[in-house]
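Undergrad: pasted the sequence and its predicted model underneath.
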Amino acid sequence: MDFETTFIAQVITVIGFAVGLSIVVASGRYPRHIRNSLRAYAYGKFLLGFGFLIAGLRGSAAPDLLVPLANGLGITGLAMNYTSVRHLQSRPVSPLAPAAVGLAVAVACLLLLFVDAGIASVRTLVSFTTAAVLLGIAFEVLVRYEGRGIPHYVTGVLCATLAMVYLVRMGAGLTQEETPTAYMLDDRVERTTFLLTLLGTVTGAINYVLMASDEFNRELAKLAHTDGLTGSLNRRRLFEMGEIEFRRARRHGRDLTVLVLDIDRFKSINDRAGHPFGDRVIQAVADCCAGQIRREDAMGRIGGEEFAILLPETGLEAGRLLAERLRSAIERQLAQLGAEGGVTVTCSIGGVSLTREHSEFSDLMAQSDSALYDAKHAGRNQVRFFPTVSLTPALHA
């Protein structure tokens, strides 16, 4: 065997093991989906390292069996790197898919050697499969990944570049002369491919850790900004966004409506059905509201059973209609849940739309609270806007 190509394979083996071990050790402090992603990536590097280790051992007692084994392990490891990207995005992942892909490649290599198709055919098959998986990773991080940053773009471009390299290697496999199976190929294309694979292993690992760190930071921000029970914004974040939307609306002369929603007689719901049931009611109300508002709207839990909703680009009449739609949807959709606990679940809503007289976002919150107070005192299960206008007749719930 040529020492140079074998040496590169050995270096890839060492780096693959080192990267895998380091990431496994570091993965323990991350949330579950990030931890699963890092471990899938690390195990992929272990398998890739084993694949190159076996490739460097060719020429032993069973060379024909080592070729499919080495390639099968390498492809399995690369496929696990693909699944690690999907783990990072919390997308569905089949745990057996990488092994199935690797096994299919190994069996195909074995069949090619069995029919005496030659090592060039194996090189073509493996190069094509490798390029396909690399392009799959590039597609995931460059197209489907939400909240992409510099590490994602670097990873995607790197994978796409390596895919092109392996396609060139595939072309070389179609034109090369036959080589004994026991020997590792050592032409210019092979050496270039191995060197770029080595570079990709190092650079890819660094960027993948940065991708995981970005995801971890987003997870921390989500925990800091959202309510643990409902998944909606917490009070602090809602008010921060309210200030931003208020300044934007004032600066550009845009509409802005604020709604404050309170679950009617929530204390009696807790007293009669218990606090766990009360939590279910709060969650159900939040889910119902989330299903009625637009993506650009924002909803936050600002008290125990109280929510606020920001409606950018929404004027008085549109705000009233949405508020009534929310009130009606909660009354209708939560009727069955209320029946389970022997209670009635309704809500009262107060709202206000931005005018020139408003100088602070806190003015909107104070006036929507005032409108909510009027809705409560008028009989609950109503919508009132400031200045107080009744949209629905009083319904005692």
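TA: Yes, it's here.
Undergrad: what ranges do the helices span in the stretch 151-300 of the chain?
TA: Applying DSSP state H, counting those that start in this stretch to the stretch 151-300 of the chain gives helices spanning 188-225, 235-252, 266-273, 275-292.
Undergrad: now stretch 255-267: buried residues?
TA: Leu256, Thr257, Val258, Leu259, Val260, Leu261, Asp262, Ile263, Asp264, Arg265, Phe266 (16 or more other C-beta atoms under 10 Å). (C-beta placed from N, C-alpha, C; glycine too.)
Undergrad: with adjacent residues omitted, what lies nearest to the second one?
TA: Nearest non-adjacent residue to Thr257, counting by C-beta to C-beta, 6 or more residues apart in numbering: Gly319, 3.4 Å away.
Undergrad: tell me the contacts of the residue nearest to the spatial centre of the chain?
TA: For the chain, Gln89 is the residue whose C-alpha lies nearest the centre (C-alpha atoms, centre = their mean; 2.7 Å). Residues counted as contacts of Gln89 (C-beta atoms under 8 Å, 6 or more residues apart in numbering) are Glu140, Arg144, Tyr145, Glu146.
Undergrad: now do it against Pro151, distance only.
TA: To Pro151, Gln89 is 14 Å away according to C-beta to C-beta, to the nearest Å.
Undergrad: same question for Leu167.
TA: 25 Å.
Undergrad: was I right to think Met198 contacts Thr13?
TA: To be clear, residue 198 is Leu; Met isn't right here. No - if you go by C-beta atoms under 8 Å, Leu198 and Thr13 don't touch, sitting 10.2 Å apart.
Undergrad: so, low pLDDT: which residues of the stretch 51-200 of the chain?
TA: Along the stretch 51-200 of the chain, the model assigns pLDDT under 70 to residues 58-64, 117, 173, 176-187.
Undergrad: show me the strands in it, by range?
TA: Counting by DSSP state E, counting those that start in this stretch, the stretch 51-200 of the chain forms no strands at all.
Undergrad: what's the local residue count around Ala108?
TA: Neighbour count of Ala108, defined by other C-beta atoms under 10 Å: 18.
Undergrad: tally of neighbours for the closest residue to it other than its chain neighbours?
TA: Using C-beta to C-beta, 6+ apart and skipping residues adjacent in sequence, the residue nearest Ala108 is Leu125, 5.8 Å away. If you count neighbours by other C-beta under 10 Å, Leu125 ends up with 20.
Undergrad: can you tell me how far Leu125 is from Asp214?
TA: Counting by C-beta to C-beta - Leu125 and Asp214 are separated by 36 Å.
Undergrad: do Gln382 as well
TA: According to C-beta to C-beta, Gln382 stands 45 Å off from Asp214.
Undergrad: more crowded one of those two?
TA: Each of Gln382 and Asp214 has its neighbours counted (other C-beta under 10 Å); Gln382 has more, 28 against 17.
Undergrad: so that one sits against Ser348, correct?
TA: Yes - under the criterion of C-beta under 8 Å, Gln382 makes contact with Ser348 at 5.7 Å.
Undergrad: any common contacting residues for these two?
TA: Arg327, Ala375.
Undergrad: got the contact list for Val141?
TA: Neighbour list for Val141: Val85, Arg148, His152, Tyr153, Thr155, Gly156, Cys159, Met211 [criterion: C-beta under 8 Å, 6+ apart].
Undergrad: Cys159 too?
TA: Shown in contact with Cys159 (C-beta under 8 Å, 6+ apart): Leu134, Leu135, Ile137, Ala138, Val141, Gly200, Gly204.
Undergrad: dump those into TSV; add distance to Glu313 as well.
TA: Formatted as TSV, the contacts of Cys159 follow (distance: C-beta to C-beta, whole Å):
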residue	distance to Glu313
Leu134	43
Leu135	40
Ile137	39
Ala138	37
Val141	33
Gly200	46
Gly204	43
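Undergrad: ok, so of those, who is nearest Arg188?
TA: Closest approach between those and Arg188, by C-beta to C-beta: Gly200, at 18.2 Å.
Undergrad: can you tell me how far the spatially closest residue to the closest one that is not a sequence neighbour sits from Leu259?
TA: Spatially, and ignoring its direct neighbours in sequence, Gly200 is nearest to Leu162 (5.1 Å; C-beta to C-beta, 6+ apart). Applying C-beta to C-beta, the value for Leu162 to Leu259 is 52 Å.
Undergrad: same check, this time on Phe52
TA: Applying C-beta to C-beta, the value for Phe52 to Leu259 is 61 Å.
Undergrad: kindly report the same for Gly228.
TA: Taking C-beta to C-beta as the measure, Gly228 falls 22 Å from Leu259.
Undergrad: what sits against the residue nearest to Thr257?
TA: Thr257, Leu259, Leu311, Gly351, Ser353, Phe385.
Undergrad: how about a markdown table for those, with distance to Pro31 and pLDDT added?
TA: Formatted as a markdown table, these follow (distance: C-beta to C-beta, whole Å; pLDDT from 0 to 100):
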| residue | distance to Pro31 | pLDDT |
| --- | --- | --- |
| Thr257 | 36 | 96 |
| Leu259 | 33 | 97 |
| Leu311 | 32 | 96 |
| Gly351 | 37 | 96 |
| Ser353 | 40 | 95 |
| Phe385 | 42 | 95 |
